[in-house]
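Predicted model and sequence below, questions to follow.
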Amino acid sequence: MKLPLPSDTRLILESNNVLSKTSNLGLLFNKYVSSWQNGWQMKEEDSKKFRQSIANMTFAKEHIANLALRQQAMMKSLKDSGWHVESFNAITDSRLIIGLGGTSVIETGMTLHPLYGFPYLPGSGLKGLARAYAEIALETKPSGEDLREIFGSEDKDSRYAINNRQGKVFFMDGIPTAFPQLDLDIMNPHYSDYYQGKKDTKGNPIPPADYLNPVPVTFLTVASEQKFSLAVFSRNRDLLEKATQWLICGLTELGAGGKTNVGYGYFKIERQEVQTQILNVYERKEETSITARLKLVKNEQTFGDFVKSIKSDEIESLRSSTFKGMESVLNIGLTTVLESSEVSTEIKRLVAEKMLEVCKKPDKKYKEKLEKYNRLFSLARKDT
C-alpha cells in the first residue's frame with residue numbers, strides 16, 4: 001500500500017501507525033483514507049478493509065461527555081431565561097444511516113460532527129422530519145399558519161422575501177450519549193455495468209439484465225440500541241408540544257436518514273421527564289380523569305403507564321371518552337404495548353376500539369404496519 005502523499009509525509013504516517021492512534025473518526029474517515037493503491041486507485045476490497053477497521057475501533061469518549069455537559073448547561077440557561085425546553089433520549093431500534101450519499105473518496109459516506117467527528121443527527125434534519133410527519137402522516141393536517149409558526153417560511157422568490165419569517169420552535173442537534181457502536185453493512189447493486197455506462201464487446205451500451213453479476217458494496221452504519229440525546233425549545237409552550245410530538249412520531253414511524261423504506265433509521269423513545277410527570281399526575285386526585293391522563297401520553301412508555309392506570313370502575317368513563325385529537329401520538333406501533341399490558345380483556349378491547357378512531361389502515365406495501373393494524377382489529381373484536 002502506497003499513500004498518495006509526499007514521501008517524507010508518507011514515511012511519518014506509515015511508521016507511526018496513524019490509523020490505530022486516531023481518536024477522531026471525522027479526521028480518519030474524511031481526511032485520512034489508508035486504502036490507496038499505486039496510481040491513486042482503490043479497490044472495493046481495500047475500502048471494505050478500511051471500513052471494517054473503523055467499525056472495530058474505539059474513539060475518544062471525553063469529547064461527547066464535554067459536549068453533553070455544554071448542551072445541558074445551555075438548556076438550563078434557556079429555562080432560566082423563560083424558554084420552554086423539551087428533552088428526551090431516542091434509541092436506535094434498527095441500524096441508522098445518515099449521509100450515505102454524501103461525498104466520500106470511498107463512495108459511501110456518513111454524516112459526522114464537523115468538530116468532534118462522531119455520528120450525530122443534525123438539527124436541520126430533525127426539523128425536516130417533524131415537518132414531514134405533520135404534512136404526510138397526520139390524518140388531520142395542520143394549517144399552513146401552524147406550520148409557519150413552528151417551522152418558519154422561506155420563499156425563494158425575492159419578490160415575496162419580505163414575508164419570510166423565523167419559526168418559533170428550535171431543534172438542537174441530536175448527539176449520542178456515548179460514542180455509538182458502528183456496524184458494517186452491505187448492499188448488492190446488480191446493474192453496476194449499466195449504471196457506469198459500460199459497453200459490450202460490440203460497443204453497445206450494456207442494458208440492465210439479470211445475467212449481470214452483483215457487486216457487493218460495504219458501508220458504515222450506526223448499530224441498533226445506540227442512544228441519542230435530543231432537545232427542542234421555544235417561547236411558546238403549545239407550539240413546542242406540537243413540534244415535539246411530531247418529531248417523536250417522525251422518529252418512531254417515518255424513520256431518520258436513508259433506506260427507511262427497508263427498515264433503517266427507526267427509533268424508540270426514552271423520555272424520563274414525561275414518565276416522572278405522569279407518575280406525579282396519577283398521585284394527584286384532581287387530575288386522575290382518563291382524559292387528563294390521556295393527554296400526557298407521549299411515547300410507548302407513557303402509553304403503557306396510561307393503560308395500566310385504567311381501573312375496572314373506569315370502564316364506563318373509558319367507553320364514553322374519545323382519543324380524537326391524539327393522532328400525532330397514538331399509532332399502530334403501540335399495538336404491541338397494548339397487547340402486553342397487564343389489564344383486563346375488556347379494557348384492552350375498549351382501548352383498541354378508541355385507537356381505531358385515530359389510526360388509519362396502512363397501505364398493503366407496509367406489511368409490518370398492516371400486520372399490527374390487523375392485530376389491533378383483533379383486540380377490538382372487529383373482523384379484518
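That came in fine, so what should we check first?

When you work out contacts or count neighbours from here on, use the C-alpha atoms and nothing else.
Noted.

Touching the helix or strand where residue 132 lies from outside, list them.
Counting by DSSP states H and E, the element that carries residue 132 is helix 123-136. Residues from elsewhere that reach helix 123-136, judged by C-alpha atoms under 8 Å, 6 or more residues apart in numbering: 141-142, 147, 151, 170-174, 243-244, 246-251, 254, 256.

Quick check: ChimeraX command selecting the buried ones in these.
Selecting only the buried entries of the contacts of helix 123-136 in ChimeraX, with 16 or more other C-alpha atoms under 10 Å as the criterion:
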select :147,151,170,171,172,173,174,243,244,246,247,248,249,250,251,254,256
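
packing partners for the top helix by length along the chain?
Selection of the longest helix in the chain by residue count, based on DSSP state H, yields helix 62-80. The contact analysis (3 or more C-alpha pairs under 8 Å, 6 or more residues apart in numbering; DSSP states H and E) places helix 62-80 against strand 84-92, strand 175-176.

buried ones in it?
Quick answer for helix 62-80 (16+ other C-alpha under 10 Å): 63-64, 68, 71, 75, 78.

same deal with stretch 103-122?
106, 108-113, 116-122.

next SSE after the least confident helix or strand in the chain by mean pLDDT?
Every helix and strand of the chain was ranked by mean pLDDT, DSSP states H and E. The lowest is helix 272-283, at a mean of 42. The helix or strand immediately downstream of helix 272-283 is helix 290-294, counting by DSSP H and E.

which secondary structure elements does that following helix contact?
Using 3+ C-alpha pairs under 8 Å, 6+ apart, helix 290-294 sits against helix 272-283.

Secondary structure class of residue 377, three-state.
helix (DSSP: H, G, I helix; E, B strand; the rest coil).

Excluding residues flanking it in the chain, which one is nearest residue 87?
Beyond its immediate neighbours in the sequence, the residue positioned closest to residue 87 (C-alpha to C-alpha, 6 or more residues apart in numbering) is residue 231, lying 4.2 Å away.

you'd agree the one you found is in a strand?
Yes - counting by three-state DSSP, residue 231 falls inside a strand.

and it, how many neighbours does it have?
Residue 231 has 20 neighbouring residues, counting by other C-alpha atoms under 10 Å.

Quick one: residues contacting it.
Each residue near residue 231 by C-alpha under 8 Å, 6+ apart is listed here: 85-88, 171-174.

Of those, just say which sits nearest to residue 301.
Of all these, residue 301 sits closest to residue 88, with 12.4 Å by C-alpha to C-alpha.

how close does the closest one sit to residue 307?
Plainly put, residue 88 is 22 Å away from residue 307 if you go by C-alpha to C-alpha, to the nearest Å.

What is the neighbour count of the closest residue in space to residue 166 that isn't next to it in sequence?
Excluding the flanking residues, the one nearest residue 166 by C-alpha to C-alpha, 6+ apart is residue 152, at 4.5 Å. Counted with other C-alpha under 10 Å, the neighbours of residue 152 add up to 15.

Can you read off the backbone torsions of residue 152?
phi 80, psi -180 (degrees, to the nearest 10).

Name all residues that make contact with it.
Residue 152 touches 164-168, counting by C-alpha under 8 Å, 6+ apart.

Of those residues, grab the buried ones for PyMOL.
What follows is the PyMOL syntax selecting those of the contacts of residue 152 that are buried according to 16+ other C-alpha under 10 Å:
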select buried, resi 168
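
Mind checking which of the contacts of residue 152 land in strands?
165-166 (DSSP state E).

What is the most widely separated pair among the contacts of residue 152?
By the measure C-alpha to C-alpha, 164 and 168 form the most distant pair in the contacts of residue 152, at 12.8 Å.

which other residues reach stretch 181-196?
Stretch 181-196 is contacted from outside by 51-52, 55-56, 205-210, 212-223, 226, using C-alpha under 8 Å, 6+ apart.

Which residue comes closest to the residue nearest to the spatial centre of the chain once chain neighbours are left out?
Geometric centre of the chain, nearest residue: residue 256, 3.6 Å, by C-alpha atoms, centre = their mean. If the residues on either side of it in the chain are set aside, residue 256 comes closest to residue 265, at 4.8 Å by C-alpha to C-alpha, 6+ apart.

got it, and residue 360?
The shortest distance from residue 360 to any residue other than its chain neighbours is 7.8 Å, reached at residue 139 (C-alpha to C-alpha, 6+ apart).

So the one you found sits against residue 326, correct?
No - judged on C-alpha atoms under 8 Å, residue 139 makes no contact with residue 326 at a distance of 10.4 Å.

So the two - more neighbours on which side?
residue 326 (19 against 14).

What score does that one have for pLDDT?
Each residue has a pLDDT score; the one for residue 326 is 78.

One more: residue 2?
Looking at residue 2, its pLDDT reads 61.

picking up where we left off before, so how do I select the buried members of the contacts of stretch 181-196 in PyMOL?
In PyMOL, this line selects whichever of those come out buried by 16+ other C-alpha under 10 Å:
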select buried, resi 51+52+55+206+217+218+219+220+221+222+223+226
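
Could you list which of the contacts of stretch 181-196 belong to helices?
Counting by DSSP H, the contacts of stretch 181-196 contribute 51-52, 55 to helices.

Low-confidence regions, the protein specifically.
Flagging of the chain using pLDDT under 70 yields the residue ranges 1-4, 13-22, 32-44, 58-60, 105-107, 271-288, 382-384.

ok, so what distance separates residue 200 from residue 211?
13 Å.

Oops, could you answer that again for residue 259 instead?
Using C-alpha to C-alpha, residue 259 is found at 26 Å from residue 211.

contacting residues around residue 174?
Residue 174 sits next to 120-123, 228-231 when contact means C-alpha under 8 Å, 6+ apart.

Dump the residues you listed to JSON lines, plus distance to residue 378.
Output for the contacts of residue 174, formatted as JSON lines (distance: C-alpha to C-alpha, whole Å):
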{"residue": "120", "distance to residue 378": "40"}
{"residue": "121", "distance to residue 378": "37"}
{"residue": "122", "distance to residue 378": "40"}
{"residue": "123", "distance to residue 378": "39"}
{"residue": "228", "distance to residue 378": "35"}
{"residue": "229", "distance to residue 378": "36"}
{"residue": "230", "distance to residue 378": "36"}
{"residue": "231", "distance to residue 378": "37"}
